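Undergrad: Provide a 3D model corresponding to the input given below.
(chains A and B)
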Amino acid sequence: MIQREAVLTAMKEFIATHFPTVPSDHIESLCAGDVIRQSLELVEFVLHLEERLGVEVNINQLGESLIVENFGALADELVRLSEEGGLESGTPV
Amino acid sequence: MKRYIRAVYAPVVGVPWSNQELFNAIQASLERWLGQEERKALLDLIRLFLIGSRTRYVQCPEFLKFNSFAHHTEAFERAADDSLRAIAAEIARNGPAQFDAVIAVSSTGLSMPGLADQTANVVRDRVNRHSLLLDLANAGCTGSSRALQLGANLGSEIRDILIVVVEPTSTLADPWSVERSNWQGVCTFGDGAAGVWLSSEPGNGAAHLGKIVSWHGNEPDLIQWEKGSNYYRFGLADPDGFERSVRREILEATAQIGWDKKSGVLCGIHPAGIMLLLSLAKKLDLDRATLEPSIRHFRSFSNMSSASILHILRELLTTAHSGQEVRWLTMGTGFHVVYGLCTKL
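TA: Numbers count the residues shown, from 1 in each chain, chains lettered A, B, ... in the order given. Now for the predicted structure:
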């Protein structure tokens, strides 16, 4: 099961690297879709989370949350999925 | 026997639609018949599928108004004719005196006479009266690779082979469906056409065709045609588990197909989607520069089913230097994976 703090840390890492002008200290309230605007960036974001958290993230399961929710809610969703066994451990590729 | 890729034909067919233009068209279509609450949920999903800047080419701009079996089939037939004529124009600039075989590929429709026969009529002066004419249908995104695999294994009496690929994916769209997989298909695919001149003789700008390895997995229903409102439509057996299943299949396939790491090769990967492209690149240890032609293709054309890899291959062969290896990897319904390589002369 993944921890919320670990998810947020991974998210902040990605934002700090790819969107250095975005204040990563307050990402929880930021809408993911306002920051990540390209499909390539979105996939790189998901792959980064997979690598950092050691789980497989199913983009289809997260669905539209990836662009309509804020990062805090996304982190909650990932934690919820991991509690329900919806995230497999180990990055597949 | 040795086979050479003498030319890759990569015409651009249809008109370009951006992600925003497609979203607007879908929104207008759904507003005509779908209730507000359902529409909002579906449009949120479509917005995710259409995130960012990407274009696709559309041969049937009216596809969101299809309302009968005839609409779909007539659109396919028109698009197929346009595509074959576009390929014929490229053949006129660079082709043999006569083709001994025509292999026609499509996974987006059926017609009789088949596409190989239609091609023989469109390029009448270049197709031998005794030619082998064969339609290779419903092989999905690996269709053109399977055609290359077949062409590579034809007998020596067949010297020059024409492969034509006709993929007007928009003709499979079901505008009256609320099924997620239907819209995932609508948002992922674009219309495309391509061709290959394969020969037993080398020539200017040719590439020697090397090995082609195929692998068939354990997920036959992963990607399929489903019965839509009045025609076939693109479907996924398990939309929620799709990415996971595909990645698992690809992982197994790459262990079986003999992909060895080698520096200095150019690589084309079928642009099934950005997620799979990047996942695969990690697995195959490909850097971003190597992946860039495939990513660029996806951004400009989206996924044109089995026409895409040929467009990417054309770019790679144009930039390859003499002696350089060019590899391609395609995957699709079956679950089927094809890995091929060639060497620029």
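Undergrad: what about the residue of the stretch 101-250 of chain B found nearest chain A, distance to B:M275?
TA: Going by C-beta to the nearest C-beta, chain A is nearest to B:R247 of the stretch 101-250 of chain B, at 4.5 Å. Quick note: C-beta positions are derived from backbone N, CA and C, even for glycine. According to C-beta to C-beta, to the nearest Å, B:R247 stands 8 Å off from B:M275.
Undergrad: same thing with A:S39?
TA: Counting by C-beta to C-beta, the gap from A:S39 to B:M275 is 9 Å.
Undergrad: Help me confirm that B:R85 comes into contact with B:V122.
TA: Yes: when contacts are counted by C-beta atoms under 8 Å, B:R85 is listed as touching B:V122 (6.0 Å).
Undergrad: between these two, which one's more packed in?
TA: Using other C-beta atoms under 10 Å in any protein chain shown, the more surrounded residue of B:R85 and B:V122 is B:V122, with 19 against 14.
Undergrad: Hmm, the more buried one is touching B:A86, no?
TA: No: contact between B:V122 and B:A86 fails when scored by C-beta under 8 Å: they sit 10.0 Å apart.
Undergrad: What parts of chain A come near chain B?
TA: A:33, A:36-44, A:46-47, A:56, A:58-61, A:63-64, A:66-68, A:88, A:92-93 (C-beta under 8 Å from any C-beta of the partner chain).
Undergrad: can I assume A:L49 sits in a strand?
TA: No: under the criterion used here (DSSP: H, G, I helix; E, B strand; the rest coil), A:L49 is helix, not part of a strand.
Undergrad: Quick check: residues of chain B near chain A?
TA: Contacts of chain B with chain A, taken as C-beta under 8 Å from any C-beta, map to B:44-45, B:47-48, B:51-54, B:239-244, B:247-248, B:250-251, B:274-275, B:278-280, B:282-283, B:295.
Undergrad: Cross the residues of chain A next to chain B against helices and list the overlap.
TA: In helices, defined here by DSSP state H, the members of these are A:33, A:39-44, A:46-47, A:59-61, A:66-68.
Undergrad: Point out where the chain drops to low pLDDT.
TA: Using chain A here. A:86-93 (pLDDT under 70).
Undergrad: residue boundaries of the strands in it?
TA: Remark: strands assigned in chain A by DSSP state E are A:55-56, A:88-89.
Undergrad: where does the first one sit relative to the chain's centre, distance-wise?
TA: Computed by C-alpha atoms, centre = their mean, to the nearest Å, the chain-centroid distance of strand A:55-56 equals 11 Å.
Undergrad: And for the residue of the stretch 101-250 of chain B closest to chain A, the neighbour number?
TA: Using other C-beta under 10 Å, B:R247 has 20 neighbouring residues.
Undergrad: out of everything not next to it in sequence, what's closest to B:E252?
TA: Here the nearest residue to B:E252 in space, its sequence neighbours aside, is B:G217; by C-beta to C-beta, 6 or more residues apart in numbering or on different chains that works out to 6.6 Å.
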